[in-house]
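Enquirer: kindly return the folded structure for what I paste below:
(2 chains)
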Protein chains: 2
Amino acid sequence: MFQEATYQQRRTKLKNDIKKGIILLLGNEESSMNYKDNLYPFRQDSSFLYFTGLNRPGLALLIDPEQGTEILFGDELTVEDIVWMGPQTPLRDEAAQAGLLTVQPSKALDAAIQKIQSGKRALHFLPPYRPETALKISAYLQLPTTAIAAQASVPLIKAIVAQRSVKSAEEVAEITKAVNTTAAMQLAAMQQARAGITEAALAGILQGLAVSAGGNLSFPTILTVNGQYLHNHYSDSILQPGQTVLCDCGAATAMQYAGDMTRTFPVDQQFSTRQKEIYNIVLHSYQQAVAALKPGRLFKDIHLLACAALTEGLQQIGLMKGDIQESVAAGAHTLFFPCGLGHMLGLDTHDMENLGEAYVGYTDNLKQSTEFGLKSLRLGRTLEAGFVVTVEPGLYFTPQLIDAWKQEKKLASFINYDKLEAYRQAGGTRIEEDFLITPDGYQLLGDPLPITAEGIETIRQAI
Amino acid sequence: MFQEATYQQRRTKLKNDIKKGIILLLGNEESSMNYKDNLYPFRQDSSFLYFTGLNRPGLALLIDPEQGTEILFGDELTVEDIVWMGPQTPLRDEAAQAGLLTVQPSKALDAAIQKIQSGKRALHFLPPYRPETALKISAYLQLPTTAIAAQASVPLIKAIVAQRSVKSAEEVAEITKAVNTTAAMQLAAMQQARAGITEAALAGILQGLAVSAGGNLSFPTILTVNGQYLHNHYSDSILQPGQTVLCDCGAATAMQYAGDMTRTFPVDQQFSTRQKEIYNIVLHSYQQAVAALKPGRLFKDIHLLACAALTEGLQQIGLMKGDIQESVAAGAHTLFFPCGLGHMLGLDTHDMENLGEAYVGYTDNLKQSTEFGLKSLRLGRTLEAGFVVTVEPGLYFTPQLIDAWKQEKKLASFINYDKLEAYRQAGGTRIEEDFLITPDGYQLLGDPLPITAEGIETIRQAI
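Expert: Okay, the predicted model is just below:
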């Protein structure tokens, strides 16, 4: 946990922003795997964690901005619990460390909410992403679970997004810790990959490192020789000479702050000429994008800058043609880069994603595009000092997409479909690092990990 | 997946056992961690997996025993899915490999169930352990989610328990694979433990091995220097010289069959005299229990045999006294062994636990005890050839429990409370292996791993 004052200040700001009605923040419950008592690792709701620091299941916080009161609902362990689980800090003591001095048993929450409802005061809550949370709210509001999301409080979402978007120095330190563990995972992948082992064998080593560091994975590891499929995770596929491995992974610290990095490296000791050619296009795009990070810049514009750099590189190797700006405007690069340049990073890997990209990555004045490619850009808005963002351009050669576009001669004035045939099996290449936006520009988070093709080859050759 | 015939035979037997009404088996959905698209590793429902072999989210199976029909409900990937996820075996083809030839889209299930309801035919379903499953059944039956469990089908539960309790040779082979990965995890723990690292650091290595082997953990690892707290997992506690580590962990194979083993070992290269004294009592109890495994025996009796052996050992070191059988009957040993000797093992670590211990571990004629100690014995019934069970006696010195008993002089005619003071910090010691009940007796599953105090010390000294 951070200091008591941190949580108090966050809640004070929230009260000042919301002013009217009652704020209900629901913590997460345990999640069952294959029977009730066989549990997934507990993951607290990030906004609940942000305002309370309390990382245990079954809690709820009611904040009354008008009266300034805060009530935490949750249950103390019984003596029998302690016999089975060992001594734990009493909830009341841990709550006090976050400045929460009023603790009531869980069962009192229902009556408290009924009272609010009967007083006709607005209840501000966040959109649920777990069914048990939806069920709780459904019971409180007497609405079907499917109707809950639409009733979530936009003022509450906006107020929380405004706070969580700008990271404090202590948050940046935690994210940096996560990034350093993530870098160690990436290094292990580059050092321990070899022809003949499975993707899963390598992914397991990385997961072990995240857990050993005291936290867990921040998201399911992507570690695949088929990096062109963006939602591919890992499988029992055996690494083969001549392939590249795309590894996109992240550690979360015990406090749940996330790291998120990607490297693409050869199964052999060196990239092939074609692999390096593609790698260097992605690296150039990455460098252009990073150099543009600065408060006041639209991240959408930086994304388009990265797209232009990718287009330029693809033109140099003969896969694309035509005016670069026209090509980017037409979205020709989306055949190779159908996704976005990056996203916010914090307590969530896609930070605050459950609060809605419309609020996190966009604003009332800048709406998310619906076009292929740009619709997948999670972050478009103007950067501010204190934002932490990922930069992760890539080139993906997806046979199914190439075939579909080629068949309809889509944007054929920008794409050399004939030449592209030779690249059908070129797979996926991505490079990703995490950055703090500073008043002057940006700061790479974590200790630097080799990122050039040559730097990666040096690691591969040292094994 | 096993062969098509395996799944067909299982379903045929189920139809013969149920005969009337309609059987609904619901597969599991994805579970969200901290936002909708950040997912826990997918875990299929074990009974659904048992009857279909299909290990993907969002499926349901309707079986009509009267008409002999089987309809699988689920959706094929779209072309866009394939662009993002890569080529996958079509659901229709994978279903056919399990002998399921009729596949309908998910959205057709609702109408199919309405038709059953309007025909007044009974709908047999299993008790849900995930909220989204309860929500689905709630919608089908127009009942509140809290009322669902009571409507679960006892005939279906009993029929499934009867089948899943007796493991086929191919299932035993899968469990053996899981046990061998588990043994490798145990060996890694014994080889890599050292003073100065955290419990989590060691637990991470083990988790990595389970994932690397192509599956995952079968349950959250217990790896702790405070093994007396039975539900303690692992923490950032640093291993100290003089302590013992209790490690209870299991791998699940890609098909989800589970292993479950425990070793207790010293942080030092050798057990202390007192640690070895306790270890050997547990080992003796373990050996007595294992020797008694045989079809026709009540597992409850074997549990009591193990309890008698523990009592005998505790008498020899002066902590207990009196007639052994009377002491066991009075439950005096539960101060040191408040739990059960073992449980069924299969697709679940506590196999079929969600179906209810009353059906899995007990029978209409043998009910589970409500006494402290025996109430925690998950398995009491008569062993049959084909059962796979764990044997896991232990001795736990829990200061809070010792104090509570001592204060009320509980069973003081059997316990030397004064002498016990010296053992307050003796922690927890458990030994656990997995066994197949054979027609003649038992078979240890997996390649043997050192289990004597001396065998463990040899491993610790070789590092």
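Enquirer: count the neighbours of A:Ile336 for me.
Expert: One correction, residue A:336 is Phe, not Ile. 30 (other CB atoms under 10 Å in any protein chain shown). All C-beta atoms are positioned from the backbone trio N, CA, C, and that covers glycine.
Enquirer: the closest residue to chain B within the stretch 51-200 of chain A - nearest residue in space that isn't next to it in sequence?
Expert: Of all residues in the stretch 51-200 of chain A, A:Gly86 sits closest to chain B, at 3.5 Å by CB to the nearest CB. Sequence neighbours aside, B:Tyr229 is the residue nearest to A:Gly86 in space, at 3.5 Å (criterion: CB to CB, 6 or more residues apart in numbering or on different chains).
Enquirer: Provide a list of residues in contact with that neighbour.
Expert: Contact analysis of B:Tyr229 by CB atoms under 8 Å, 6 or more residues apart in numbering or on different chains lists A:Val83, A:Trp84, A:Met85, A:Gly86, B:Thr398, B:Gly428.
Enquirer: still on that earlier bit, quick one, phi/psi of the residue of the stretch 51-200 of chain A closest to chain B?
Expert: Torsion angles at A:Gly86 (phi, psi; degrees, to the nearest 10) stand at phi 90, psi 170.
Enquirer: so what's it scoring on pLDDT?
Expert: On pLDDT, A:Gly86 comes in at 88.
Enquirer: again with A:Pro241
Expert: 97.
Enquirer: how about the nearest residue to it once chain neighbours are set aside, phi and psi?
Expert: Nearest residue to A:Pro241 in three dimensions, chain neighbours excluded: A:Ala195, at 4.9 Å (CB to CB, 6+ apart). Dihedral pair for A:Ala195: phi -60, psi 140, per degrees, to the nearest 10.
Enquirer: please enumerate the strands of the stretch 1-150 of chain A.
Expert: A:22-26, A:32-35, A:38-39, A:60-64, A:69-73, A:103-104, A:123-124 (DSSP state E, counting those that start in this stretch).
Enquirer: need these in TSV with mean neighbour count, distance to B:Pro220 and mean pLDDT, can you?
Expert: Shown next, in TSV, are the strands of the stretch 1-150 of chain A (neighbours: other CB atoms under 10 Å in any protein chain shown; distance: least, CB to CB, whole Å; pLDDT from 0 to 100):
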stretch	mean neighbour count	distance to B:Pro220	mean pLDDT
strand A:22-26	24	23	98
strand A:32-35	24	9	98
strand A:38-39	18	6	98
strand A:60-64	21	25	98
strand A:69-73	20	26	98
strand A:103-104	18	27	98
strand A:123-124	20	34	96
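Enquirer: any chance of these in TSV, plus distance to chain B?
Expert: Listed next are the strands of the stretch 1-150 of chain A as TSV, based on distance: least, CB to the nearest CB, whole Å:
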stretch	distance to chain B
strand A:22-26	13
strand A:32-35	4
strand A:38-39	5
strand A:60-64	16
strand A:69-73	19
strand A:103-104	23
strand A:123-124	19
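Enquirer: of all the residues in the stretch 201-350 of chain A, which one is nearest chain B?
Expert: Counting by CB to the nearest CB, the stretch 201-350 of chain A gets nearest chain B through A:Gly208, at 2.3 Å.
Enquirer: distance of A:Leu420 from B:Phe265?
Expert: Remark: distance between A:Leu420 and B:Phe265 (CB to CB, to the nearest Å) = 58 Å.
Enquirer: wait, I meant A:Met261
Expert: Counting by CB to CB, the gap from A:Met261 to B:Phe265 is 36 Å.
Enquirer: now swap in A:Met190 and tell me
Expert: 33 Å.
Enquirer: ditto for A:Leu143
Expert: A:Leu143 is 54 Å from B:Phe265, by CB to CB.
Enquirer: with A:Leu366 instead?
Expert: Distance from A:Leu366 to B:Phe265, by CB to CB: 59 Å.
Enquirer: of these two, which one has the most company?
Expert: Legend: neighbour count by other CB under 10 Å for A:Leu366 and B:Phe265, higher for B:Phe265 (25 against 15).
Enquirer: which stretch of helix or strand covers that one?
Expert: strand B:261-266 (DSSP states H and E).
Enquirer: packing partners for that strand?
Expert: helix B:169-192, strand B:244-249, helix B:273-291, strand B:428-430, helix B:453-461 (3 or more CB pairs under 8 Å, 6 or more residues apart in numbering or on different chains; DSSP states H and E).
Enquirer: go with 10 Å
Expert: helix B:169-192, strand B:244-249, helix B:273-291, strand B:394-396, strand B:428-430, strand B:433-437, helix B:453-461 (3 or more CB pairs under 10 Å, 6 or more residues apart in numbering or on different chains; DSSP states H and E).
Enquirer: per-residue pLDDT, the closest residue to A:Pro155 other than its chain neighbours?
Expert: Counting by CB to CB, 6+ apart, A:Ile18 is the residue found nearest to A:Pro155 once chain neighbours are left out, at 6.0 Å. For A:Ile18, the model assigns a pLDDT of 97.
Enquirer: count the neighbours of A:Ile18 for me.
Expert: Neighbours around A:Ile18, by other CB under 10 Å: 22.
Enquirer: ok, now A:Glu29?
Expert: 18.
Enquirer: so what touches the worst-scoring helix or strand of chain A on mean pLDDT?
Expert: When the helices and strands of chain A are scored by mean pLDDT, DSSP states H and E, helix A:79-85 comes last with a mean of 83. Here helix A:79-85 makes contact (CB atoms under 10 Å, 6 or more residues apart in numbering or on different chains) with A:75, A:77-78, A:88, B:226, B:228-233, B:338-339, B:372, B:376, B:396, B:398-401, B:404.
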